[in-house]
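**Q** Next input, structure requested:
(one chain, ligands or ions: 2)
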Amino acid sequence: MIDFKDMKSIMITGGAGFIGSHVVRLFVNKYPDYRIINVDKLTYAGNLENLRDIENCPNYRFVKADICDFDTIYALMQEEQVTGVIHLAAESHVDRSIKDPFTFARTNVMGTLSMLQAAKLYWETRENKYEGCRFYHISTDEVYGALELTHPEGIDSPFTTTASSALHHHAYGEKFFTEDLKYMPHSPYSASKASSDHFVRAFHDTYGMPTIVTNCSNNYGPYQFPEKLIPLFINNIRHRKPLPVYGKGENVRDWLYVEDHARAIDLIFHKGQVAETYNIGGFNEWKNIDIIKVVIATVDRILGREEGADMDLITYVTDRAGHDMRYAIDSRKLQRELGWEPSLQFEEGIERTVRWYLDHQEWMDRITSGEYERYYEDMYKNR
Ligand code: NAD
Ligand code: DAU
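**A** Numbering: from 1, shown residues only. Ligands and ions are numbered 1, 2, ... in the order given. Next comes the predicted model:
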């Protein structure tokens, strides 16, 4: 039996996924006196290879479980005397949500509700109830809907950080997502995340549960499943396969290096105010087509190909249904209140990312074979 007296016991859900694996790694390495329980169903997006370097650490335990399975989650919370939850498990890909919205409602809405209810019922059995406990829900900027592209050529961004990009510091409109904005989700994915955010806040307002919600912009970096723009395109460029650019490639996303998100999660988990919402962003807006050109140039340079050799792989395809035009986060609240800002300039982040995927071809090959490959071909056949 483990002695929990001086130990924080933290359940991290979705820890075998992209962002979750970075959060698990950070917590396991940084806090040897915490017990980290990674709960993941290992869907197509979950991959224990993402955590090989820490899987034998004494403060780490992996449990394969579905967050929708209330009984299992409740029993595990009891067994491990969990006082902290960092909830990342979700279906996360917008294109899949367009094809299969039910799975998104099940995991993102019902799964989050099951996590909340299990934590509530377990914490209510504790002598000090919610004292020392925290339920931290990881959400997305997509819940706010879409911003307009009022400056298609870009204007100087009003925000600067020590990590602001040296080459590119544009904003594509005057408006930004702030924490007080009304929710306006458009895709089944963002609608399911919005709904889960509402449940989390309802558990605070109704039962006094100590909750926190953060809404983050697009992450990039190692271990991202290659259905998402950046790893998909790096892999396709490497193999000289077409790069399917949705619509005109004019949509804008605000990119944050995944380790900077994990650092923000660590900070907010420990220092954030209960019942608050914090937006997390990269202060780093890019049009898809521009970021794609940077990725092509970076891959070609690293592989020693002629400059621009692979630009002709760009293939404009039918747009994503309901494609949100622009996301841009104002994360000055987090900067002001907790002193967080991105640490990595985009130039360095994209270099590291491209090199990581090119150096980890086996990781990529194992994923892009078999079942996933068939799904991917199917998806594009039907576009
Ligand atoms: P991901 O798809 O890479 O990983 C999701 C993980 O959740 C996988 O390991 C999967 O096996 C697990 N999972 C899925 N359904 C489950 C279930 N029913 N029970 C247990 N585990 C289950 O996702 P990601 O990109 O790492 O995103 C993690 C979280 O961060 C999500 O909540 C997402 O909405 C949010 N988010 C992502 C981004 C981004 O850019 N990727 C940005 C902002 C917020
Ligand atoms: O903003 C945060 C969100 O970022 C997260 O909540 C989601 O979980 C995450 O998947 C991401 O959503 P996006 O839809 O923005 O990411 P994705 O990588 O799918 O696409 C980025 C942009 O690139 C988007 O405008 C669609 C476009 N795109 C994407 C793919 C996969 C293409 O043009 N072609 C593609 O093949």
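**Q** Kindly check the end-to-end length of stretch 175-194 for me.
**A** Across stretch 175-194, the terminal residues are separated by 20 Å (C-alpha to C-alpha, to the nearest Å).
**Q** which of the residues in that stretch are buried?
**A** Applying a neighbour-count criterion of 16 or more other C-beta atoms under 10 Å, one finds 176-177, 179, 181, 183, 185-194 buried in stretch 175-194. Where you see a C-beta, it was placed from the backbone N, CA and C, and this is true even at glycine.
**Q** how far away is the residue nearest to Lys228 when sequence neighbours are not counted from Lys64?
**A** Excluding the flanking residues, the one nearest Lys228 by C-beta to C-beta, 6 or more residues apart in numbering is His93, at 6.9 Å. Shown here: His93 relative to Lys64, a distance of 21 Å by C-beta to C-beta, to the nearest Å.
**Q** same question, Thr103
**A** With C-beta to C-beta as the criterion, Thr103 and Lys64 are 18 Å apart.
**Q** ok, back up a step: check contacts around the residue nearest to Lys228.
**A** Ala45, Tyr189, Phe225, Glu227, Lys228 (C-beta atoms under 8 Å, 6 or more residues apart in numbering).
**Q** Now Phe176. Nearest residue, chain neighbours left out?
**A** Asp330 (3.8 Å).
**Q** err, Gly339, not the other one
**A** Leu267 (8.0 Å).
**Q** So what does the one you found have for phi and psi?
**A** phi -60, psi -50 (degrees, to the nearest 10).
**Q** before we move on, what about Glu131?
**A** phi -60, psi 130.
**Q** Tell me the residues of the stretch 251-383 of the chain that contact ligand 2?
**A** Asn251, Arg253, Asn288, Arg320, Tyr327 (C-beta under 6 Å from any ligand atom).
**Q** Which pLDDT value belongs to the third one?
**A** Translated: Asn288. Asn288 carries a pLDDT value of 98.
**Q** what's the answer for the one 4 residues further on, then?
**A** pLDDT, Ile292: 98.
**Q** So the closest residue to ligand 2 within the stretch 1-150 of the chain versus Ser97, what's the distance?
**A** Relative to ligand 2, the nearest point of the stretch 1-150 of the chain is Thr140 (3.1 Å; C-beta to the nearest ligand atom). The gap separating Thr140 from Ser97 is 12 Å, by C-beta to C-beta.
**Q** cool, Arg106 as well?
**A** Distance from Arg106 to Ser97, by C-beta to C-beta: 12 Å.
**Q** Please say which of these two ends up with more neighbours.
**A** Taking other C-beta atoms under 10 Å, Arg106 and Ser97 do not tie; Ser97 has more neighbours (22 against 16).
**Q** My read is that His168 contacts Phe346, right?
**A** Yes - between His168 and Phe346 there is a contact under C-beta atoms under 8 Å: 6.9 Å.
**Q** any residues in contact with both of these two?
**A** By C-beta under 8 Å, 6+ apart, the residues touching both His168 and Phe346 are Asn284, Trp286.
**Q** what's the single longest helix in this structure?
**A** Secondary structure of the chain per DSSP state H: the longest helix is helix 188-207.
**Q** mean confidence score for that one?
**A** 98.
**Q** Make sure Gln335 is indeed in a strand.
**A** No - under DSSP: H, G, I helix; E, B strand; the rest coil, Gln335 falls outside any strand and is assigned helix.
**Q** Look at Asn128 and say how many residues are nearby.
**A** So Asn128, with other C-beta under 10 Å, has 9 neighbours.
**Q** Which stretches in the chain count as helices?
**A** Under DSSP H, the chain gives helices at 18-30, 70-80, 94-99, 101-104, 112-124, 188-207, 229-238, 258-271, 288-303, 332-338, 346-359, 361-367, 370-381.
**Q** right, and these - which one's nearest ligand 1?
**A** Taking the helices of the chain one by one with C-beta to the nearest ligand atom, helix 18-30 is closest: 3.5 Å.
**Q** Could I get the average pLDDT for the closest one?
**A** Rounded mean pLDDT across helix 18-30 is 98.
**Q** now the angle between helix 258-271 and that helix, please.
**A** 60 degrees (axes from the mean of the first three to the mean of the last three C-alpha atoms, to 10 degrees).
**Q** Using PDB, write out every CA atom in helix 18-30.
**A** Provided in PDB are the C-alpha atoms of helix 18-30 (Å, rounded to 0.1, in the frame of the first residue of the first chain):
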ATOM      1  CA  PHE A  18      -0.200  14.400 -28.200                       C
ATOM      2  CA  ILE A  19      -0.500  17.100 -25.600                       C
ATOM      3  CA  GLY A  20      -1.200  14.700 -22.800                       C
ATOM      4  CA  SER A  21       2.100  12.900 -23.300                       C
ATOM      5  CA  HIS A  22       4.000  16.200 -22.900                       C
ATOM      6  CA  VAL A  23       2.000  17.000 -19.700                       C
ATOM      7  CA  VAL A  24       2.600  13.500 -18.200                       C
ATOM      8  CA  ARG A  25       6.300  13.700 -19.000                       C
ATOM      9  CA  LEU A  26       6.700  17.200 -17.500                       C
ATOM     10  CA  PHE A  27       4.800  16.200 -14.300                       C
ATOM     11  CA  VAL A  28       6.600  12.800 -13.900                       C
ATOM     12  CA  ASN A  29      10.000  14.300 -14.300                       C
ATOM     13  CA  LYS A  30       9.500  17.600 -12.400                       C
END
